[in-house]
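[1] predicted model and sequence follow; I will ask about them next.
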Amino acid sequence: MTKLIVCILIFATASAQTPIPSAPTPHVTKFVAPPYPWRAREIRMQGETTTELQVRADGTVESAKVTMAHPFFRHYVEAALKQWEFEPTGKMFAQKVTVRFSLGDCGHVHSSNPNAYRETRVEAQLPQLIEVTTCTDPISIEVN
């Protein structure tokens, strides 16, 4: 009986020290960024969305369910993420994606080019996070 307890303790100690392998991060092979919605930009709205992707074994997106978003952002995010493709894994998997929409500091934009304020920048830590930042038109106030 003592030998059995010792074997159990040795096994328990060894398995406690062995790290559980984590699933590798899926590799995105086709990335489509959602555009900043014109209406949200127009009223200077910022926001964050969360989407659950169901990805087929061949790497194509079966569904994109937006679980948190303002209605202005929902369609744009869903439409973009449905176009993503991943490296095939041989099995279905789920992937959570956060998209943040924000209004940026456009002080670097040269004021003589009015279209420069339409600039949009996309940064991503794929596949978990996308940040979409846009400039807004300046507000001019004349003082008499």
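    Yep, that arrived.
[2] the residue nearest the centre of the chain pairs with what?
    With distances taken as C-alpha atoms, centre = their mean, L129 lies nearest the centre of the chain, 3.0 Å away. In this entry, L129 is beta-bridged to T98, Q125, by DSSP bridges.
[3] Q54 in helix, strand or coil?
    strand (DSSP: H, G, I helix; E, B strand; the rest coil).
[4] contacting residues around it?
    Residues in contact with Q54 (C-beta atoms under 8 Å, 6 or more residues apart in numbering) are V61, E62, S63, A64, K65, M92, A94. (C-beta placed from N, C-alpha, C; glycine too.)
[5] picking up where we left off before, quick check: the residue nearest to the centre of the chain vs W38, distance?
    Applying C-beta to C-beta, to the nearest Å, the value for L129 to W38 is 23 Å.
[6] just to revisit the earlier point, which one of the contacts of Q54 has the most neighbours?
    A64 (20 neighbours; other C-beta atoms under 10 Å).
[7] over to it: give its phi and psi.
    phi -130, psi 110 (degrees, to the nearest 10).
[8] 369 is where my numbering starts, stick with that
    Got it, first residue is 369 now, which makes that one A432.
[9] right, and it touches E446 too?
    Yes: shown here, A432 and E446 form a contact pair, counting by C-beta atoms under 8 Å, at 5.1 Å.
[10] for the helix or strand containing R442, packing partners?
    In the assignment (DSSP states H and E), R442 maps to helix 439-449. Judged by 3 or more C-beta pairs under 8 Å, 6 or more residues apart in numbering; DSSP states H and E, the packing partners of helix 439-449 are helix 406-410, strand 415-423, strand 429-436, strand 461-471.
[11] just how off-centre is the second one within its chain?
    Spelled out, it's strand 415-423. 7 Å (C-alpha atoms, centre = their mean, to the nearest Å).
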